[in-house]
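could you look at this predicted model? Sequence included:
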Amino acid sequence: MSDVTRLPPAEKNELSLGFLKLTDSAPLIMAQELGFYEKYGLQVDLQHEVSWANVRDKLVAGVLDAAQMLSPLPLATSLGVGGMRAEVITGLALSLNGNAITVGQGLAHQIAEHGGDPAQGACSTATAFARYLKSGDRQITLAAAHTFSCHTLLLRHWLRAGGIDPERDVHIIVLPPEQMVDSLGRGIIDGFCVGEPWNSMAVQYGIGTVQATGYQIWNNGVEKVLGVTENWHQNNPGSHLRLRLALMETCTWLSHPFNREQTVSVLSEPQYLDLPPEVLRPALTGQFSFSKGEAEADLPHFHVFGRFQAGFPWRSDGEWLLNQIGDLMGKTLPAEDVRSLVQRTFRTDLYREAARHLALPCPNQDYKPLGQHSENWEIEPGIELGPDLMLSC
C-alpha cells in the first residue's frame, strides 16, 4: 500500500463530498469509517444530497469538492446538456452494476399474465411487457433517476430489447431515487429503474416486483464515478490524488465478501443512509429477491467495487455512454468530438498515477471491446475483466 510520506502535499485537507442514499455510496462512507481519509491526511465532510441534479450543480458551483456521480454525468456536464456546463472529470470509477427495474404489482401481474417470468431472465419480462402494451391502451409511466444516467440507458435498452419504443409506447419521467418507492406505491408511476436499496424496499414492502437487474441488461456496466471539476483538480492535484487513494483502498476492502455485512451495519446508521439493514443487505451481500416471499437469488456481482478493474475509467465505456447521450439528444455526435471529450473527461492517467502508488495492477490500454464476453477474460496477462454482454432478445 502507499507510503503516505512520499505523496505530494494536499493543497486542501478539509473536503466536502456529495453522496446519495444508495448502497453503492459504500466506498465514500466506508472510507470514513475505516480511517482511509484520515490515513491520507484528509478530513472529509460527507454531504447527503437528494438528487443527481443537486450533486452536479453543487459540484460545479464549488459547494462540493468532489462527489459520487452517475457515470454519464461528467460527460453530459462537460457537454453542457441538461443543465449548467463545466468541465467535469473522473480519474476513478467507484462501482459497476447496482441497478434494477421494478414495476408495481398491478403491472407485474399483467407482465406475468402475458408470459413474463423474472426467473427466466430480462428478455422474458421485456417481451411479455411488449405483449401487454399491444393488448391495452393505458398510458404506462416509468421513472429513471436522471435523464443522463445509466438508469435511463438501461431502461431504454430493456424496453427496446423487448420490442418497445421508449419514445412512443411508454412515458419516461425523472424522479430522485428517494421518491421512487413512494411514487410507485401511490400510483404516480407504474415502475422505475433505480439503484439499490429502493428496488429491495419496494419488494419488501409488497409494492413492487423486480423485472430485471442492471447486470442482466449490461454485464458489469460502469455505474458510479468520482467526479471533480477540471478547475478543482488543477488547483488541488495533491488532494485529489490522496482522495483517490483512500477510495481505491476502500474499494479493495469492499471487494471481499466477508466485509459486506459490516458495510450493511455501517450504512444503516442515521448519519449515512438511515435505513433498515434488511433493506440494504440484498444488494450488498448478493442475496437478492425479485418479489416478496420468493427465494433469494445468488447475485454475487450485483455490486462490484474492486474486481474486474472496476475502478479503471475505460475510455471505451466513456465513448459508448457519450454516444448514448447523443441518442437521447436526437443527435449523432462526430466521432472525433466524442473521442476528444472522453479523453478529457475519463482520465485514465489519473487512475494509473494512483495505482502506481498502491502497487495495484492496471491496464496499459484505455479501450476494451464491449459486448463480446460471456465469461471472465484477460485483456492483458494478469488483468482479469468480467463478462460484458448487453441484453439481446
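It's in. Residues are numbered from 1 along each chain as shown.

next up, the contacts around the residue most central in space within the chain.
Residue closest to the average C-alpha location in the chain (CA atoms, centre = their mean): E223, at 2.5 Å. Residues in contact with E223 (CB atoms under 8 Å, 6 or more residues apart in numbering) are 24, 70-71, 93-99, 150, 195, 214. All C-beta spots, glycine's among them, are computed from the backbone N, C-alpha and C.

so, low pLDDT: which residues of the stretch 101-250 of the chain?
Applying pLDDT under 70 to the stretch 101-250 of the chain flags no residue at all.

just give me the longest strand of the chain.
With secondary structure taken from DSSP state E, the chain has its longest strand at strand 222-229.

mind listing what it pairs with, with the direction of each?
With DSSP bridges as the test, strand 222-229 is paired with strand 66-70 (antiparallel), strand 88-89 (antiparallel), strand 93-97 (antiparallel).

just give me the longest helix of this structure.
helix 237-254 (DSSP state H).

and that one, what's buried?
Within helix 237-254, the residues scored as buried using 16 or more other CB atoms under 10 Å are 238-254.

name the next helix or strand following the helix or strand that contains I379 along the chain.
Per DSSP states H and E, I379 falls inside strand 377-380. Downstream of strand 377-380, the next assigned helix or strand under DSSP H and E is strand 383-385.

list the neighbouring strands of that following strand plus their orientation.
Here, using DSSP bridges, strand 383-385 pairs with strand 377-380 (antiparallel).

L333: what secondary structure?
Of the three states, L333 takes coil under DSSP: H, G, I helix; E, B strand; the rest coil.

which strands and helices lie in contact with the longest helix of the chain?
helix 26-33, helix 36-39, strand 93-97, strand 222-229, helix 348-358 (3 or more CB pairs under 8 Å, 6 or more residues apart in numbering; DSSP states H and E).

near the closest residue to C123 other than its chain neighbours, how many other residues are there?
Excluding its sequence neighbours, the residue lying closest to C123 (CB to CB, 6 or more residues apart in numbering) is C393, at 3.9 Å. Residues lying near C393 (other CB atoms under 10 Å) number 14.

separation between C393 and M84?
Applying CB to CB, to the nearest Å, the value for C393 to M84 is 38 Å.

what of Q120?
Separation of Q120 from M84 (CB to CB) stands at 44 Å.

try C362
Between C362 and M84 the distance, using CB to CB, works out to 32 Å.

what's the answer for G306, then?
Applying CB to CB, the value for G306 to M84 is 33 Å.

before we move on, what about W198?
27 Å.

out of the two, which sits in the busier spot?
W198 (28 against 12).

so the more buried one touches Q179, yeah?
No. Taking contacts as CB atoms under 8 Å, W198 lies outside contact range of Q179: 9.2 Å.

S16 is nearest to which of the strands paired with strand 222-229?
Ranking the strands paired with strand 222-229 by proximity to S16 (CB to CB) places strand 66-70 first, at 8.0 Å.

now that closest one: how far from the chain's centre is it?
Relative to its chain's centre, strand 66-70 lies at 10 Å (CA atoms, centre = their mean, to the nearest Å).

for the helix or strand hosting S124, buried residues please.
Using DSSP H and E, S124 falls within helix 122-135. By neighbour count with 16+ other CB under 10 Å, helix 122-135 contains the buried residues 122-133.

can I get those residues in TSV with distance to G227?
Formatted as TSV, the buried residues of helix 122-135 follow (distance: CB to CB, whole Å):
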residue	distance to G227
A122	29
C123	33
S124	36
T125	33
A126	31
T127	36
A128	37
F129	33
A130	36
R131	40
Y132	38
L133	36
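
how near is the closest residue to L133 other than its chain neighbours to Q372?
Using CB to CB, 6+ apart and skipping the chain neighbours, the partner closest in space to L133 is D169 (5.4 Å). Distance of D169 to Q372, given as CB to CB: 30 Å.

which of these two has more neighbours?
Legend: neighbour count by other CB under 10 Å for D169 and Q372, higher for D169 (16 against 11).

ok, the spatially most distant residue from the centre of the chain - contacts?
Largest separation from the mean C-alpha position in the chain: S135, at 33.9 Å (CA atoms, centre = their mean). Each residue near S135 by CB under 8 Å, 6+ apart is listed here: H114.

repeat for G106
Applying CB under 8 Å, 6+ apart, the residues near G106 are D190.

pLDDT (mean, whole number) over the strand holding I379?
For strand 377-380, mean pLDDT rounds to 97.

please apply the same query to stretch 296-312.
pLDDT averaged over stretch 296-312 gives 97.

so which bits of that stretch are buried?
297, 299, 301-312.

next: stretch 313-331.
313-322, 324-326, 328.

gap between the two ends of stretch 24-39?
22 Å (CA to CA, to the nearest Å).
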